[in-house]
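A.B. asks: Let me see the structure of the following:
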Amino acid sequence: MRIKQSTIDRHRLEVDNLLSQKKWVESLEIAGKYPLKTGHNYGYVICKTRLLSEYRIQKEDLDTLSQYIKKNPHYSSAPNMVLFLEDEVKERFKLRNKTMK
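C.D. replies: Below is the predicted model:
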């Protein structure tokens, strides 16, 4: 997917605006579709595997979060990726750091 940096920056501003209003579903729809990390340090979404391992969230708690399902871009035969909004995870579970040790 080839997207201009100006388009990525425009979508990042839109997602930032939605996040400030705590509109999780709308934010996740945009952040899940586009590679918003390109040219930036932070990409908004986290996959299910990383969410379970880094944040140590229980599988039952995943149902309470907004989810975006996307075809796996790395391996076409792999299962679909399940993406979550990292800001929503931090807000819901009152997390400060990425790694809770």
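
A.B. asks: For this structure, just list every one of the strands.
C.D. replies: Per DSSP state E, the chain carries strands over the ranges 45-47, 68-70, 81-85.

A.B. asks: Can you say which of the ones you listed is packed in most?
C.D. replies: strand 81-85 (a mean of 21; mean count of other C-beta atoms under 10 Å). All C-beta atoms are positioned from the backbone trio N, CA, C, and that covers glycine.

A.B. asks: Show me what that one pairs with in its sheet, parallel or antiparallel.
C.D. replies: As defined by DSSP bridges, the strand partners of strand 81-85 come to strand 45-47 (antiparallel), strand 68-70 (antiparallel).

A.B. asks: of all the strands of the chain, which lies closest to residue 12?
C.D. replies: strand 45-47 (12.2 Å; C-beta to C-beta).

A.B. asks: Now do that closest one: everything it contacts.
C.D. replies: Applying C-beta atoms under 8 Å, 6 or more residues apart in numbering, the contact partners of strand 45-47 are 28, 31-32, 54, 68, 81-86, 89.

A.B. asks: Would you mind measuring from the residue nearest the centre of the chain to residue 21?
C.D. replies: In the chain, the C-alpha nearest the mean C-alpha coordinate belongs to residue 45, at 1.4 Å (C-alpha atoms, centre = their mean). From residue 45 across to residue 21, the span is 18 Å (C-beta to C-beta, to the nearest Å).

A.B. asks: now swap in residue 38 and tell me
C.D. replies: Relative to residue 21, and taking C-beta to C-beta, residue 38 is found at 24 Å.

A.B. asks: ditto for residue 71
C.D. replies: 29 Å.

A.B. asks: what mean pLDDT does the longest helix along the chain have?
C.D. replies: Ranked by residue count under DSSP state H, the longest helix found in the chain is helix 5-20. Averaged across helix 5-20, the pLDDT comes to 94.
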